[in-house]
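Undergrad: give me a model of this one.
(2 chains)
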Protein chains: 2
Amino acid sequence: MMTTTTRAADRRARAALSRLMEPSDWVGLALVAAVGALDGLRIATGEVNPGPELQAELYRLLNREQSRSQQGMLSEALQRWRPRIKDLDPERDLATIERLGGTVLVPGDESWPVELADLELAEPLCLWTRGQHSHGIPPAERTIAVVGSRDSTNYGNSATGDLAAGLTQKGYCVASGGAYGIDAQAHRSALAAAEPGHWPATIAIMACGLDRYYPAGNEELLRTVASRGLLLSELPPGAAPTRWRFLQRNRLIAALAGTTVVVEARWRSGALNTAHHAAGLGRPVGAVPGSIYSANSAGTHRLLRDGSAVCVTDAAEVAELAGPLDAGAAAEQQVPLSDHDGLSVEDLLLLDALPVRQGTTVEKLSAVAGLPMRTVLAGLGRLEIMSLAQQDSSGWRRQQRS
Amino acid sequence: MMTTTTRAADRRARAALSRLMEPSDWVGLALVAAVGALDGLRIATGEVNPGPELQAELYRLLNREQSRSQQGMLSEALQRWRPRIKDLDPERDLATIERLGGTVLVPGDESWPVELADLELAEPLCLWTRGQHSHGIPPAERTIAVVGSRDSTNYGNSATGDLAAGLTQKGYCVASGGAYGIDAQAHRSALAAAEPGHWPATIAIMACGLDRYYPAGNEELLRTVASRGLLLSELPPGAAPTRWRFLQRNRLIAALAGTTVVVEARWRSGALNTAHHAAGLGRPVGAVPGSIYSANSAGTHRLLRDGSAVCVTDAAEVAELAGPLDAGAAAEQQVPLSDHDGLSVEDLLLLDALPVRQGTTVEKLSAVAGLPMRTVLAGLGRLEIMSLAQQDSSGWRRQQRS
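TA: Predicted structure coming up:
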């Protein structure tokens, strides 16, 4: 057990490291895994020189063979980190996030999402949060990521709206990436469907510092998420979004959600990246089908084709994929019964043979249906009870169900 | 080897049996399997009494335990067939089909589709044909069934048209059930796309005798199929379509086609029955996705969800499912390359860090990208060669690809 003082130092060190290193900086993550955040920060900033065994330990952690070309791995990393050392000021960053009503979570905190450990070495160093974090982060089994294209279609927006609202009403928490299009629609519908006091109403996992709202067009929405939902990021305040950070952010969406649903995605789309992260973690992935003529469904169809995703068409099917929160959550699709449901083959043949208007004889029915007279007689009795056959002066005929 | 006379007698007997017995009459099919078509007809018509061992042999063929309640199986069947004996006139039926320019095929004929043997005991007794049968029936590997709802939508019709035309152009033969909606569209598009002299242009597998065009609204279409394509049925001339015959006809579609594609189907649809027959035979099944708001796609989504079918969105994907006729048939989907395709992680970080307008220094890039100066310099060289970076008086900036 760490003492309170050690915990505070660990938190401060991880906050600093999250500014020094890009997300998923393997050498940096291995360094922290080997010596801890405090000593890791001392080494990364050049305050302490790494011992001769450290490089070997890093190779072991990274499951790599030590080759001549890789021998400079740690010294290359040190060079990579060096230009950012002068900007390190974790006290300032912690003060910033607190002023924004947020906090920074680190592994070992009670509210640290345990499912992030599935990322193994790629588990983030810390999570900056903002918004309704007093009740913690919902567990993955209750969190469903709804993601997709930024340039969504009306169809995609409708599907997203129905899924996100339905899932929220079923008690799941909808997570997404705060982007335009499907992401924004998912957050909006979750906010609209969430009952008052149901915190967090939705989770936006961002690729930049939480002191900024990105993209700018979503500022109002993200403000609402910060008020009634939760904003999360592994990047410190001030960090700008970059393509690399978006790609790495996707692994966090996949890891924080027990289930990921892609509503619309082009053939090549960041949402597919999230889906592949989720599949890689062994989490269920759903894809919403759409028109074969819509470029925005080419990516979801690709997921369906290659077996990475299950076809989902409504919130109940997503809940079924996620594993229901309670046993009754996955409702069976209701379909009207047909006339011929449950009939034996012989009664079906007989039903087909029965004329609709003018009645006929048992003998004729026997020839038309290809059934012995005895079977026809017994079958007519059964069909009569089921209100499928009736007898009048002209003989036997079909009775239309009202 | 049967002699010519025996073959003619066998053909005549099977033609008669196809009128006496409903499709998939298990006892009748076991009877023919046990004693052949000629003796089977003699027993079925009461001309010859079955020997005491026959019942046991039928149970063996049907893999059933002989129980007290089943002991009357054959005598029940005889009663079932009796009312139709007076209508038997195979010479008349054979003359009718010949007058229509058709013929009747039986197992053992050179043009008998060998793939029907996959149906085992449910292999049809014979196949009545009409149309372009001089070149035989295309092998299953070259035949693709395109089936679906009778009440198809515009979307379903477009998808069917594109698939059927594309598959025909690739050299496949499109088979369907001659019904309204998807079936009709499949036949029409195959007829339109087939090159002159390419026989049969399409195959319609019917649930009634081939002397009638059913449904009546498709008469013109089915006439064209009979002229440039092929009509097939296991039912003799004069036989009316019944629900039972439709269901059994579906097994023939599935068995004659190497691959079955369902374009549109409601939650409960005959097309799903065809798909399940195909899956049961181990043949690939494709399903076309559609709007989650379309009842006509509920059945195809059901197939995708339960894993019975693979998602297919164009003719190339269906051909891939079918196994290409030639190695080059399945064309790779062409997608434009993105700026960042093939870049290393470090070059991607660097590309993200490059400003778009005002140039910047290598030192600043090193801090922003989190990369050592040396890596930045090498990376800028690579990006410059790829026309992704450029240097001017203000420093390094992003170059937009034209």
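
Undergrad: ramachandran angles for whichever residue of the stretch 101-250 of chain A sits closest to chain B?
TA: Ranking the residues of the stretch 101-250 of chain A by distance to chain B (Cβ to the nearest Cβ) places residue A:242 first, at 3.7 Å. All C-beta atoms are positioned from the backbone trio N, CA, C, and that covers glycine. With angles defined as degrees, to the nearest 10, residue A:242 sits at phi -130, psi 170.

Undergrad: could you do residue A:143 as well?
TA: With angles defined as degrees, to the nearest 10, residue A:143 sits at phi -110, psi 130.

Undergrad: I'd assumed residue A:261 was in contact with it.
TA: No: Residue A:143 is not in contact with residue A:261 according to Cβ atoms under 8 Å; the separation is 11.5 Å.

Undergrad: show me which of these two is the more surrounded one.
TA: A count of neighbours by other Cβ atoms under 10 Å in any protein chain shown puts residue A:261 above the other of residue A:143 and residue A:261, at 36 against 25.

Undergrad: any idea how far chain B is from that one?
TA: According to Cβ to the nearest Cβ, to the nearest Å, residue A:261 and chain B sit 12 Å apart.

Undergrad: which helix or strand contains that residue?
TA: According to DSSP states H and E, residue A:261 maps onto strand A:259-262.

Undergrad: dump the C-alpha coordinates for that strand into CSV.
TA: Extracted in CSV, the C-alpha atoms of strand A:259-262 (Å, rounded to 0.1, in the frame of the first residue of the first chain):
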residue,chain,number,x,y,z
THR,A,259,-19.3,-3.3,-26.2
THR,A,260,-18.5,-1.1,-29.2
VAL,A,261,-21.1,-0.4,-31.9
VAL,A,262,-20.1,1.2,-35.3
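
Undergrad: that strand packs against which elements?
TA: Contact partners of strand A:259-262 among helices and strands, from 3 or more Cβ pairs under 8 Å, 6 or more residues apart in numbering or on different chains; DSSP states H and E: strand A:143-147, helix A:270-280, strand A:285-287, helix A:298-305, helix A:315-322.

Undergrad: swap in 6 Å and give it another go.
TA: In terms of contacts (3 or more Cβ pairs under 6 Å, 6 or more residues apart in numbering or on different chains; DSSP states H and E), strand A:259-262 is packed against strand A:143-147, helix A:270-280, strand A:285-287, helix A:315-322.

Undergrad: just those: most buried one?
TA: Of all the helices and strands packed on strand A:259-262, strand A:143-147 carries the top mean neighbour count, a mean of 31, counting by mean count of other Cβ atoms under 10 Å in any protein chain shown.

Undergrad: can you pull out the strands in the stretch 301-402 of chain A?
TA: Using DSSP state E, counting those that start in this stretch, the strands of the stretch 301-402 of chain A run over residues A:310-311, A:389-392, A:395-398.

Undergrad: chain B: which of these is closest?
TA: Closest of the strands of the stretch 301-402 of chain A to chain B is strand A:310-311, at 3.8 Å (criterion: Cβ to the nearest Cβ).

Undergrad: tell me what the spatially most central residue of chain A is bridged to.
TA: For chain A, residue A:260 is the residue whose C-alpha lies nearest the centre (Cα atoms, centre = their mean; 2.1 Å). Counting by DSSP bridges, residue A:260 forms beta bridges with residue A:145, residue A:285.

Undergrad: is it in contact with residue A:145, as I believe?
TA: Yes: contact status for residue A:260 versus residue A:145: in contact at 4.2 Å, counting by Cβ atoms under 6 Å.

Undergrad: list, one by one, the residues from the stretch 201-350 of chain A near chain B.
TA: Contact residues, the stretch 201-350 of chain A versus chain B (Cβ under 6 Å from any Cβ of the partner chain): A:242-244, A:267, A:289, A:292, A:301, A:304-305, A:311, A:313, A:335, A:348-349.

Undergrad: so how do I select the buried members of those in PyMOL?
TA: For the buried members of these, the matching PyMOL selection, counting by 16 or more other Cβ atoms under 10 Å in any protein chain shown, is:
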select buried, chain A and resi 242+243+244+267+289+292+301+304+305+311+313+348+349
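
Undergrad: same list, the residues of the stretch 201-350 of chain A next to chain B, but as JSON lines with pLDDT please.
TA: Formatted as JSON lines, these follow (pLDDT from 0 to 100):
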{"residue": "A:242", "pLDDT": "93"}
{"residue": "A:243", "pLDDT": "91"}
{"residue": "A:244", "pLDDT": "93"}
{"residue": "A:267", "pLDDT": "92"}
{"residue": "A:289", "pLDDT": "98"}
{"residue": "A:292", "pLDDT": "97"}
{"residue": "A:301", "pLDDT": "97"}
{"residue": "A:304", "pLDDT": "96"}
{"residue": "A:305", "pLDDT": "94"}
{"residue": "A:311", "pLDDT": "97"}
{"residue": "A:313", "pLDDT": "98"}
{"residue": "A:335", "pLDDT": "42"}
{"residue": "A:348", "pLDDT": "84"}
{"residue": "A:349", "pLDDT": "85"}
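
Undergrad: leaving out the residues flanking it, which one is nearest to residue A:257?
TA: Take residue A:257 and drop its neighbours on the chain: the residue closest to it by Cβ to Cβ, 6 or more residues apart in numbering or on different chains is residue A:145, 3.6 Å away.

Undergrad: tell me how far the one you found lies from residue A:121.
TA: Distance, residue A:145 to residue A:121, by Cβ to Cβ, to the nearest Å: 22 Å.

Undergrad: next: residue A:148.
TA: Computed as Cβ to Cβ, the residue A:148 to residue A:121 distance reads 29 Å.

Undergrad: those two: who's more crowded?
TA: Using other Cβ under 10 Å, the more surrounded residue of residue A:148 and residue A:121 is residue A:148, with 35 against 13.

Undergrad: angles on the backbone of the more buried one, please.
TA: Note on residue A:148: its backbone torsions stand at phi 170, psi -170 [degrees, to the nearest 10].

Undergrad: from what I see, it and residue A:263 are in contact.
TA: Yes: look at residue A:148 against residue A:263 with Cβ under 6 Å: they come within range, at 4.1 Å.

Undergrad: can I see the domain layout of chain A?
TA: Domain assignment for chain A, taken from automatic domain parsing, gives A:4-88, A:115-322, A:345-398.

Undergrad: deepest of the ones you listed, which one?
TA: Sort the domains of chain A by mean neighbour count, taking mean count of other Cβ under 10 Å, and domain A:115-322 sits at the top with a mean of 23.

Undergrad: just the endpoints, please. Distance across it?
TA: Taking Cα to Cα, to the nearest Å, the first and last residues of domain A:115-322 lie 15 Å apart.
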